[in-house]
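Engineer: need the 3D shape of this:
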Amino acid sequence: MEKPCKILCSGDSLTAGYIPVFEQGFKQEFPDIDCEMVNAGVGGETSRQGLERLPHLLEERPQVVLIAFGMNDQAKGVSTVEFANNLSQMVSHFEDVGARVLLLTLNPMRRGQRDTGNARIDIYNQLIRDVAYEKCVRIVDVNSLWKREVKPWHKGLRDSVHPNELGYEVYCQALLGAIPRRNIIILWQYNGNPCECNYSCPYCTYDPRTQKGHYFKGTIETWREAFKKAFGNQFLAFYLAHGEPMAGERFYDILDMIGDEPNWEVRMTSNISLPLKRLVKTRVARERRLNVNASFHPTMTKIEDFLKQALFLREHRIEVPIVYVMWPPFFKRFEQDFEVFNKHRFLVHVRRFQGLYKGKRYPQGYTEQERLFMARYMDDAMIKYMLSWEPSFGKLTWSGVDFIIIDNQGNVGYCDDFRPDRYCLGNIFKGTLRLLSEPGPFPGRGVSDGTVDGLANFLELNYRQLTANNVIAFARQGGVYHTPTGVFYKNLHTDFQNGRIRAEYRFPPRNITDCYYILLCPAVSPDLKVKQVLQFLLPEVVTKKFSWTALRASLARRFPLARSIYKHLHEW
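Structural biologist: Alright, predicted model coming up:
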C-alpha cells in the first residue's frame, strides 16, 4: 500500500454514499497509513459527465483512484460502446499522472416484475470487467460479493438502487480487501522446474538428481514485453524460488530487466552460497527493490560461512531472515544454531519438513515433544496452518487474483501447489491470461499450502498482503519481529500444555479434555475439528486401517465402559 496515500473516488451518488463509511473503516483497519480521501461522487452523473470533469480531478494527483460509474449510464441511455470508451479514457488519463486505478462493479437493483434492470446491470458489469482486462487494472467486484453476502439482494437496498447500511458494509468490505493489495506477486520459474541447484539436500522436495540444467526460454526482451502487455502499469513483485535462483545462467539478465522497470521488484529464496558482490551492485539492490530469504542447509554448509554471507548482505542494506527447515535430525543442533543467529539479530523462520523420514510422513510424524519444541520459535500462522497440516481446500484466498505462478513458457498457474499443468489461467505470450476478479475457494483437496504467501492469502487469517521481504512481513503479523535489541518470539513462553491454547493453535488432542476444547474452539474449522477428534478417538478409521477388532480395541483403550464391553465381547 502506498504511504502516504491520497485516494480519489470518482463516480455518482453511490460513490458519494459509500465514501464516509469506507473512510471510517479504512482508518480503523489501517491506522498506520496517512491517508487522504477525496470524495468526487456526484449524484445523477454518468460516465460522460465524469469524463468531462476529469481535468479538475487530475489536479488532485492521487496515488489511488476508484472509478464507479454505470448505474446512471444504463438508466439514461448511454450506449455500451460510449460507456466502455469513457471508462477506458478515464483509466488512461489517471495512469498518465501515476495513479493506481481500480474499477468497481455495480451493486444489484431491487428486483422488478420482469427484473430487466438487473439484466442491464449484468451487461454493464461485464463491460466494466472487459475494460479492466483491456487496460490491465484491478476490479473491485462489489456485485459478486453482494450476491454472496446479501440474500435476498434487496435487503441491502434502501430504494431501488441505493444501498442502506448493510449495502454500504458490502462496499466497505470489498474496498478494504482490494485497495491495500498493491502488488501482483509472480512466482516465476524463469529457469524451469526442476532446474539448476548447487546443493543436494537429503530433505529436498525434489530429487537432487533432477536439480540440474538451465531451461530459460525466449529472450529477455520478449519476456519484458509479455509482462508489460499482460499487466500494464501494475506493481509486480517477481518471486524467484525454485532450484537455486542465483545459479541460473540468465539470473543477472533477469535482475537487470526488472531493475529497468520502476514498478517492478524482486524477492528470492536462496542458499546465499554463491558470490554476492555482483548481486549487491545491481540496480534492484541499490534501489532497495531486492529482498532475499536466506535458506540455511546444515548438511551442505558450515554455519560460519553462511553467517558471513548473511552479514555481507546486511552491510549492503539487505536484511535477510534465516529459513530453517526442521528435518528430524536437525533437532539436536537447532538450539546451538539458533543462538548463533540470534546473537547477530537475525530472525529465524522455522519451517515444517514435508516428506518421508525413516518410514514416517512429516509433518504428521512429529512427536508431541517435537511439536512443542518447534512451536516456541514459530509465529502464530506457522503453528496453526503448517505445523498442524491444516487442509487448504475451500478456504477463500487471493491466490489466482494477485498471487500466481508462471512457468518458463509463460503459462500461468494458480499457486505453487496448482501449477499451470493443473490449473491454468492462460498464457502471457498468447494474450490469454485471465486472473480471477475476486477471492475464491482454494480448489485442491489433500493440500496444505506450504508457502508464507499462500497462507497470507487466506481471508480468514486477515493478514495484509506481504510486501518488501515476504517472510519478515509474514512473521511480523504472527508475533515474530525485530526489536531495537533483538528479535521477539511471541510463543517462546506460550503454555502449549493448556487445552484451550492447544485448541486455538490446532495441536492434536492428547486426551478427551483436549477434544472438548477443540470442539468448542470457534477458530477451528468444522472439518479440522472432525479430523482431529476422530484421529484421537478412532485412529484406525482415519488412517484407513479399519477392522472391527481394531475398532473395539481402540475404544477400549480410551473409555472404561468400552473396555468392559470389549472384554465381554472378546470372551464371547
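
Engineer: so what's residue 256 up against?
Structural biologist: 220, 282, 283 (C-beta atoms under 8 Å, 6 or more residues apart in numbering). (C-beta placed from N, C-alpha, C; glycine too.)

Engineer: the second one: what's it in contact with?
Structural biologist: I take that to be residue 282. So residue 282 contacts 252, 255, 256, 259, 290 (C-beta under 8 Å, 6+ apart).

Engineer: count the neighbours of the last one for me.
Structural biologist: Applying other C-beta atoms under 10 Å, we find 24 residues neighbouring residue 290.

Engineer: which residue packs closest to it, ignoring adjacent ones?
Structural biologist: The shortest distance from residue 290 to any non-neighbouring residue, by C-beta to C-beta, 6 or more residues apart in numbering, is to residue 284 (4.3 Å).

Engineer: quick check, nearest of the contacts of residue 282 to residue 382?
Structural biologist: For the contacts of residue 282, the minimum distance to residue 382 (C-beta to C-beta) is 24.5 Å, reached by residue 290.

Engineer: mean confidence for stretch 177-192?
Structural biologist: In this model, stretch 177-192 has a mean pLDDT of 96.

Engineer: now do stretch 461-481
Structural biologist: pLDDT averaged over stretch 461-481 gives 96.

Engineer: ditto for stretch 68-88
Structural biologist: On average, stretch 68-88 scores 95.

Engineer: same thing with stretch 486-497?
Structural biologist: 96.

Engineer: can I get the contacts of residue 256 in CSV with pLDDT?
Structural biologist: Converted to CSV, the contacts of residue 256 look like this (pLDDT from 0 to 100):
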residue, pLDDT
220, 97
282, 98
283, 98
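
Engineer: okay, how far is it across stretch 457-474, tip to tip?
Structural biologist: One end of stretch 457-474 sits 11 Å from the other (C-alpha to C-alpha, to the nearest Å).

Engineer: coming back round to it: surely the residue nearest to residue 290 is in contact with residue 266?
Structural biologist: Yes - Residue 284 is within contact range of residue 266, at 5.2 Å (criterion: C-beta atoms under 8 Å).

Engineer: between those two, which contacts overlap?
Structural biologist: By the contact definition C-beta under 8 Å, 6+ apart, residue 284 and residue 266 are jointly contacted by 255, 258, 290.

Engineer: tell me the one among the residues you listed nearest to residue 237.
Structural biologist: Taking C-beta to C-beta as the measure, residue 258 is the one of the shared contacts of residue 284 and residue 266 closest to residue 237, at 9.6 Å.

Engineer: pretty sure that closest one sits in a helix.
Structural biologist: Yes - with DSSP: H, G, I helix; E, B strand; the rest coil as the criterion, residue 258 is located in a helix.

Engineer: my read: it touches residue 284, true?
Structural biologist: Yes - judged on C-beta under 8 Å, residue 258 makes contact with residue 284 at a distance of 5.8 Å.

Engineer: and for these two, which residues touch both?
Structural biologist: 265, 266.

Engineer: list the buried residues for stretch 328-344?
Structural biologist: 328, 330, 334, 337, 338, 341, 342 (16 or more other C-beta atoms under 10 Å).

Engineer: swap that for stretch 428-447, please
Structural biologist: In stretch 428-447, counting by 16+ other C-beta under 10 Å, buried: 428-429, 433, 435-440, 442-444, 447.

Engineer: quick check: end-to-end length of that stretch?
Structural biologist: Start-to-end, stretch 428-447 (C-alpha to C-alpha) is 27 Å.

Engineer: could I get the shared contacts of residue 284 and residue 266 as CSV with pLDDT?
Structural biologist: Formatted as CSV, the shared contacts of residue 284 and residue 266 follow (pLDDT from 0 to 100):
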residue, pLDDT
255, 98
258, 98
290, 98
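
Engineer: picking that back up, closest one of the contacts of residue 256 to residue 307?
Structural biologist: residue 282 (22.7 Å).

Engineer: and the closest one, how far from residue 395?
Structural biologist: Distance, residue 282 to residue 395, by C-beta to C-beta, to the nearest Å: 37 Å.

Engineer: and if you look at residue 228?
Structural biologist: 32 Å.

Engineer: OK, contacts around the residue positioned nearest the centre of the chain?
Structural biologist: Closest residue to the average C-alpha location of the chain: residue 457 at 2.6 Å, with C-alpha atoms, centre = their mean. Contacts for residue 457 were tallied using C-beta under 8 Å, 6+ apart; they are 397, 398, 399, 403, 439.
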